[in-house]
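In: structure for the following, please:
(chains A, B, C and D)
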Protein chains: 2
Amino acid sequence: MSNSNASGADRGDDASSPSASTRTAGLRPATVKDVAKLAGVSPMTVSRTIAGGQNVRPEIQARVLEAVQELGYHRNENARRMRVSKGSGLVGVAITNLANPYYASFALGVEEVAAHHGVRIIIGSTGEDTERERQLVADFLGRQVEGLVLVPAGGDTKHLQVQALGGTPLVLASRALDGVDADTVLVDDGGGAHAGTTALLKAGHRRIAYLGNVASVSTGHRRYAGFCGALQDYGVPLDRALVKRGQQDVEAAQVAMTSLLDLEDPPTAVFCANNRNTIGALKAIGARIRERGVREEAPAIVSFDDFELAELMPVPVTVIDHDARELGRESARLLFARMTPDGATAATREIEMPTRLIVVRS
Amino acid sequence: MSNSNASGADRGDDASSPSASTRTAGLRPATVKDVAKLAGVSPMTVSRTIAGGQNVRPEIQARVLEAVQELGYHRNENARRMRVSKGSGLVGVAITNLANPYYASFALGVEEVAAHHGVRIIIGSTGEDTERERQLVADFLGRQVEGLVLVPAGGDTKHLQVQALGGTPLVLASRALDGVDADTVLVDDGGGAHAGTTALLKAGHRRIAYLGNVASVSTGHRRYAGFCGALQDYGVPLDRALVKRGQQDVEAAQVAMTSLLDLEDPPTAVFCANNRNTIGALKAIGARIRERGVREEAPAIVSFDDFELAELMPVPVTVIDHDARELGRESARLLFARMTPDGATAATREIEMPTRLIVVRS
DNA sequence: CTGTTAGCGCATTCAT
DNA sequence: ATGAATGCGCTAACAG
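Out: Numbers count the residues shown, from 1 in each chain, chains lettered A, B, ... in the order given. Sure, this is the predicted structure:
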């Protein structure tokens, strides 16, 4: 029944398999034991060989490595780290939507710094849904992530309390959250919005529309406040009819912008509070220009968030630029700082990244 | 020294801590044992309670859950799955660059399908580097991923052989790889490139430039072949001076395009073989238009890959569109199909996703 | 140099 | 309804 030759490792797979030692798809992954059996040594010798081969005779190492090749063995990191009581080498990144280039860049920034620390990122999208965020965070914690970077959806925050996180470090990015004691990396939303709006006012605009995302997240508040503050500074009253908030995607923003263009007294400029609203607004304006060919009447745009090819737009564009990737890097840096033994006890920090006003086309 | 009241769980942390039972950052995560001790039950009762509470008295459950709250306990999925011999619930996604919106969308498509199967994705960027790809794949396998989705960098493929993967299913996306027996999802590169080029020829263009990515990847070959084929069909000779291949990022593409514009006899149209080359080409054209204000002479663009706001470009744009997200979804579908017991043995498939020609602006 | 023992956190199996 | 023993894959610590 059992054969004892080298290639006859009994791993519970089909005993009549033609090349019994070669694993094929769908089987249980090879273990140290399998390798040991095939190489005719003890599991410890395999372990040592994989670990670098200290105190293992070269010829034995060769035998072991051959078996490793043959079985396609890869050390089970989860089991290993459990024994060695090393961290998981993972950080969880929960963002609203990976398809938004802004957050994709953000994730890349996190990955960059993580890779530098030899750590992988595990990503999930919340879709701005607090419940999915809760599940995602729970899942990450279950996988023993060493840290969490989160662009919070807002709403309930019980699952983000230190208590609930079991001490796993958390960094909030882009949006602050009341009642959550965590390092936070924000963009200078208020200052940026104020500067951008002021640029429009200086250019003579008085009917300025606002396209923004949901008010429930802190960026919504902060950017809107900056916008209003600038108007106030110039003594320009706020026209509620020109304010559209709550668009989460390009389509909704395009619809909102189109309705603004259809007003009897349309705005001469639009403040777009984020990437998605900017693209939607520009699509609406583009459609209108193509339909009616009236470029002169098209409103000027201020966009919070940069976007590719801004310089080629048919209307004046000013960008309130900030580097999403750098935001990701900075978030990761804060996280890794807190993951050191001494960093764990420091007071939580809130960092505000500067924005830069870029007149792209005027 | 040791206190025996409920909140005095001895978990090896600072015994003089004011609230000894509450874990703070940096400590070893709580385990079933910790919870058990705090709740005054056995680890098994905790395990059962977490698992749903079958055969546990409600009052005991309450005690356990309270302890869970207090300690911020999360079941260690790695340990659990090891015992239960369940997969890791992870698939590895290795792409060239997460910051490229094309691959970000792709990753989102994978995540979407994965989430539908209750599986997370773990992402890494290769930066088109085969060695980094090799490390990434090894790391993923070490983490016991149940499958791999890879946009291959090309070059050496030893690490992608079934042998080396230890039977873990692999799906190649976007690019084929000679000598690797794996499911592959491609875009109809040849057909799309041919159709796009033909559109330019039909419009009367005869001096058509080519901006492409590295020739070593299969998309490079296939798209270039489609381009050449269309020229041949129209009896238009290929002008080597108009062919620039190997640009990997926007900056390089912009430089290449600028040099084309500087030719004595510049092209009247440009075929851009991917997203990054399109953006770079358009930036170069935009800069030229702004400098010299000559829009009429600006070349028409055909772009393999769609991009946002194409309809607002100052030059005629035709897009060879294909859905990156759908490519991601399809790749994930193939992967999950193979992850089923019966799917493991099926012959590998190569799927080619159709392209759609969209005249965006003419 | 090599092998044996034991235990990381958890859940299955078997006792109580 | 609850607990004790056992082993998942791996390796530190201790034999030999």
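In: who does the longest helix seen in chain A touch, helix- and strand-wise?
Out: Longest helix of chain A, by residue count under DSSP state H: helix A:275-292. With contacts taken as 3 or more CB pairs under 8 Å, 6 or more residues apart in numbering or on different chains; DSSP states H and E, helix A:275-292 sits against strand A:208-212, helix A:250-261, strand A:269-272, strand A:300-304. Just so you know, the C-beta spots here come from the backbone N, C-alpha and C atoms, and that holds for glycine as well.
In: again, only this time at 6 Å
Out: Secondary-structure packing of helix A:275-292 (3 or more CB pairs under 6 Å, 6 or more residues apart in numbering or on different chains; DSSP states H and E): helix A:250-261, strand A:269-272.
In: could you list the contact residues of chain A toward DNA strand C?
Out: A:41-45, A:48, A:55-57, A:60, A:79, A:82-83, A:85 (CB under 7 Å from any atom of the strand).
In: ok so, going back, most packed of the helices and strands packed on helix A:275-292?
Out: strand A:269-272 (a mean of 30; mean count of other CB atoms under 10 Å in any protein chain shown).
In: what about that strand, average pLDDT?
Out: Across strand A:269-272, the average pLDDT comes to 98.
In: list the neighbouring strands of that strand plus their orientation.
Out: If you go by DSSP bridges, strand A:269-272 pairs up with strand A:208-212 (parallel), strand A:300-304 (parallel).
In: looks to me like residue A:320 is in a strand.
Out: Yes - the assignment for residue A:320 is a strand, going by DSSP: H, G, I helix; E, B strand; the rest coil.
In: OK, contacts around it?
Out: A:192, A:196, A:304, A:355 (CB atoms under 6 Å, 6 or more residues apart in numbering or on different chains).
In: list the buried ones in the helix or strand of chain A with the lowest mean pLDDT?
Out: Least confident helix or strand of chain A, by mean pLDDT, DSSP states H and E, is strand A:356-361 with a mean of 89. For strand A:356-361, the neighbour count (16 or more other CB atoms under 10 Å in any protein chain shown) marks A:360-361 as buried.
In: what's that strand packed up against?
Out: strand A:317-321.
In: return the list of strands paired to the strand it packs on, each annotated with direction.
Out: So strand A:317-321, judged by DSSP bridges, has these partners: strand A:300-304 (parallel), strand A:356-361 (antiparallel).
In: tilt between the next helix or strand after it and helix A:275-292?
Out: Using DSSP states H and E, the next helix or strand after strand A:317-321 towards the C-terminus is helix A:324-339. For helix A:324-339 against helix A:275-292, the angle by axes from the mean of the first three to the mean of the last three CA atoms, to 10 degrees is 170 degrees.
In: and helix A:324-339, what's its mean pLDDT?
Out: Helix A:324-339 comes out with an average pLDDT of 96.
In: and it, what does it pack onto?
Out: Short answer (3+ CB pairs under 6 Å, 6+ apart): helix A:324-339 packs on helix A:101-116, strand A:147-150, strand A:170-173, strand A:183-187.
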